[in-house]
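S.K.: below are the sequence and a predicted model for it; my questions follow.
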Amino acid sequence: MSPRMKARMAELGLHAADLAGVPGSGAAGRLTIQDFEKFLANLEKHKLTTASSMRVAVADAMRRSWTRPLATVALPCSFEAMLAHRKVSQPKIGPALYAVRALAVALAENSAPAGRLVGNKIVHPPSIDVGFAVEAEDGVLVPVLRRADVRPLSELVVRYNELVELARQRRLPPEATGGSIATVTNFGTFGLTWATPIPLPEQTLVLGVGAGKKVPFWDEAKNQFVPVIEANLTLSFDHRVLDGGGAGRLLARVATLLQTPEKL
């Protein structure tokens with residue numbers, strides 16, 4: 001883009017992504033200032049509403065995240081043990097919290113996958129603080145559970161429930177946001193079995209939890225198929241920091257930890 005074009009976009013608070021669908025009439029398809037002004041004039045013919053501050057913030061975070069090479073690995077995981085543990089737990093523990101704790105324990109064993117690449121340096125996390133996505137009005141907020149690797153589920157659940165409620169009311173205190181090294185998102189809440197979440201700009205990892213479905217599982221002891229509840233776990237990551245093998249091993253460790261929820 002020409003300096004004139006960049007200045008005009010900055011004046012209007014627009015980014016290159018906003019013009020992705022605008023055809024250019026300049027040399028080699030270059031977008032000219034005339035194309036841009038024509039695009040703006042055409043917008044006025046459509047119904048326009050102002051995006052909320054949260055929607056703008058989410059859009060900006062995702063735009064910055066997408067400047068990195070991102071990849072996703074996935075693994076089906078039996079939820080039978082987790083659901084049995086949840087049934088006898090008081091208060092009830094949500095699937096996302098089990099995943100937060102399992103991811104935190106796995107990263108405590110090897111925090112290298114959560115490191116951020118800055119220039120030619122890997123910045124390693126000082127503590128295992130894990131966020132979790134909560135849908136709020138017109139966007140998503142990410143409360144953070146601090147030191148989730150050293151606090152058992154029984155200690156985390158009350159704080160987790162408090163943060164969920166505060167997030168839905170959009171009343172999260174400053175100390176409950178930011179600074180996390182990874183996020184867990186339970187897209188299974190929406191009935192989705194598969195998704196590729198995007199890590200926050202300051203994070204390398206996001207763990208996704210899909211909806212549980214009843215599937216046949218071969219039981220060696222019984223020598224027959226038995227029905228079990230299974231869900232997909234996905235791990236999206238910054239491919240500059242982590243390769244598929246490392247991401248796969250981390251995800252497999254999370255799945256293994258979820259098989260013994262009483263130890264989390």
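M.R.: Noted; the coordinates are in hand.
S.K.: any idea how the chain splits into domains?
M.R.: By the assignment in automatic domain parsing, the chain contains the domains 3-48, 69-263.
S.K.: comparing those domains, which comes out most buried?
M.R.: domain 69-263 (a mean of 17; mean count of other C-beta atoms under 10 Å). The C-beta positions use only the backbone N, C-alpha and C, and glycine is treated the same way.
S.K.: quick one: end-to-end distance for it.
M.R.: Domain 69-263 stretches 35 Å from its first residue to its last (C-alpha to C-alpha, to the nearest Å).
S.K.: coming back round to it: would you turn the domains of the chain into JSON lines with distance to Arg55?
M.R.: Putting these into JSON lines (distance: least, C-beta to C-beta, whole Å) gives the following:
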{"stretch": "domain 3-48", "distance to Arg55": "14"}
{"stretch": "domain 69-263", "distance to Arg55": "5"}
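S.K.: mean pLDDT and distance to Asp60 for the ones you listed - can I get that in JSON lines?
M.R.: Output for the domains of the chain, formatted as JSON lines (pLDDT from 0 to 100; distance: least, C-beta to C-beta, whole Å):
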{"stretch": "domain 3-48", "mean pLDDT": "84", "distance to Asp60": "8"}
{"stretch": "domain 69-263", "mean pLDDT": "94", "distance to Asp60": "9"}
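S.K.: which one, of these, ends up nearest to Val58?
M.R.: Taking C-beta to C-beta, domain 69-263 is the member of those nearest to Val58, at 4.8 Å.
S.K.: centre of the chain to that closest one, how far?
M.R.: 9 Å (C-alpha atoms, centre = their mean, to the nearest Å).
S.K.: same deal with stretch 47-67?
M.R.: On C-alpha atoms, centre = their mean, the centre of stretch 47-67 falls 16 Å from the chain's centre.
S.K.: buried sites along it?
M.R.: 58, 61, 65 (16 or more other C-beta atoms under 10 Å).
S.K.: mind exporting the longest strand belonging to the chain as PDB, just the C-alpha atoms?
M.R.: Looking across the chain with DSSP state E, the single longest strand is strand 224-238. Once non-C-alpha atoms are left out, strand 224-238 reads as follows in PDB (Å, rounded to 0.1, in the frame of the first residue of the first chain):
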ATOM      1  CA  GLN A 224     -16.400 -57.200  23.200                       C
ATOM      2  CA  PHE A 225     -17.400 -53.700  22.200                       C
ATOM      3  CA  VAL A 226     -18.800 -51.500  25.000                       C
ATOM      4  CA  PRO A 227     -20.300 -48.000  24.800                       C
ATOM      5  CA  VAL A 228     -18.200 -45.100  26.100                       C
ATOM      6  CA  ILE A 229     -18.400 -41.300  26.100                       C
ATOM      7  CA  GLU A 230     -15.600 -39.900  24.000                       C
ATOM      8  CA  ALA A 231     -14.600 -36.400  23.000                       C
ATOM      9  CA  ASN A 232     -12.000 -34.800  20.700                       C
ATOM     10  CA  LEU A 233      -9.300 -32.800  22.300                       C
ATOM     11  CA  THR A 234      -7.500 -30.300  20.100                       C
ATOM     12  CA  LEU A 235      -4.300 -28.300  20.600                       C
ATOM     13  CA  SER A 236      -3.700 -25.300  18.500                       C
ATOM     14  CA  PHE A 237      -0.100 -23.900  18.700                       C
ATOM     15  CA  ASP A 238       2.400 -21.500  17.300                       C
END
